[in-house]
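All I have is the shape, not the residue letters:
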């Protein structure tokens, strides 16, 4: 089961005079992540690198920001994948201390900065949601409302016309059971759209 973060986490490492400021935080998608990276660049104008990795919406991205290829963004992304995180941006701001760390040293530094930032941050299970559109005869409106509530669904919209049309959001893993239960309760008169 994938997880997201309840709140941001931070770390600070100093390795051979270079300072690594790590941050992990929940984001809604790539647009928010890119905006956050731009904020960090503005907050740290003297930093040599602002490397980042993103896992959001099934999409992943990694950026080495001038570090040797594969030594920053990809290792950071691997930490997020290993922790089964989704909807999370990892960033590391590096202030260069004048001593080169080599490829292995960079990989360790960026990996450790993200891993340390994740320490103590609460992980929240990410529940995939599904939206259902249901139309039933008026006589079944009460039954429909009770079943949706019993399955932990939320009625987002109700329209009364030739029948009762509802838009319902609920956990994806409960959707199949709810559909079956409503079909039985309405004697097959529910129309799904």
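Cool, got the structure. From a predicted model like this one, the values you see are computed outputs, not experimental measurements.

Would you mind finding the longest helix in this protein?
Counting residues, the longest helix in the chain under DSSP state H turns out to be helix 102-118.

For that helix, name the packing helices and strands.
Helices and strands touching helix 102-118, by 3 or more Cβ pairs under 8 Å, 6 or more residues apart in numbering; DSSP states H and E, are strand 9-15, strand 18-26, helix 73-82, strand 88-95. The C-beta positions use only the backbone N, C-alpha and C, and glycine is treated the same way.

For this protein, identify the residue most remote from the centre.
Within the chain, the residue lying farthest from the chain centre (Cα atoms, centre = their mean) is residue 139, at 40.5 Å.

Please report the distance of that one from residue 22.
In this view, residue 139 and residue 22 are 59 Å apart by Cβ to Cβ, to the nearest Å.

Over to residue 163?
From residue 163 across to residue 22, the span is 55 Å (Cβ to Cβ).

Quick check: mean pLDDT of stretch 135-146?
What stretch 135-146 shows for mean pLDDT is 94.

Then stretch 175-182?
94.

Any idea how far it is from the middle of the chain?
Relative to its parent chain, stretch 175-182 has a centroid offset of 27 Å by Cα atoms, centre = their mean, to the nearest Å.

just use 710 as the starting number from now, easier for me
In the new count, where the first residue is 710, that last one comes out as stretch 884-891.

Give me the buried positions along stretch 799-806.
799, 800, 801, 802, 803 (16 or more other Cβ atoms under 10 Å).

next one: stretch 861-868
Neighbour-count burial for stretch 861-868, counted by 16+ other Cβ under 10 Å, picks out residue 862.

And stretch 882-894, by the same measure?
For stretch 882-894, burial by neighbour count (16+ other Cβ under 10 Å) applies to 883, 884, 887, 888, 890, 891, 894.

before we move on, back to that, quick one: which two of the buried residues of stretch 799-806 are the most distant?
Spatial extent of the buried residues of stretch 799-806 (Cβ to Cβ) is set by the pair 799 and 803 at 13.3 Å.

so who does residue 850 touch?
By Cβ atoms under 8 Å, 6 or more residues apart in numbering, the contact list for residue 850 reads residue 873.

Any chance of the backbone angles for it?
Taking degrees, to the nearest 10, you get phi -60, psi -50 for the backbone angles of residue 850.

Please report the distance of it from residue 843.
Residue 850 sits 10 Å away from residue 843, going by Cβ to Cβ.

more crowded one of residue 872 and residue 731?
Each of residue 872 and residue 731 has its neighbours counted (other Cβ atoms under 10 Å); residue 731 has more, 27 against 18.

distance between the ends of stretch 796-814?
One end of stretch 796-814 to the other measures 28 Å (Cα to Cα, to the nearest Å).

Then stretch 748-759?
End-to-end distance for stretch 748-759: 10 Å, by Cα to Cα.

Ok, stretch 825-832 next?
When the termini of stretch 825-832 are compared using Cα to Cα, they are 14 Å apart.
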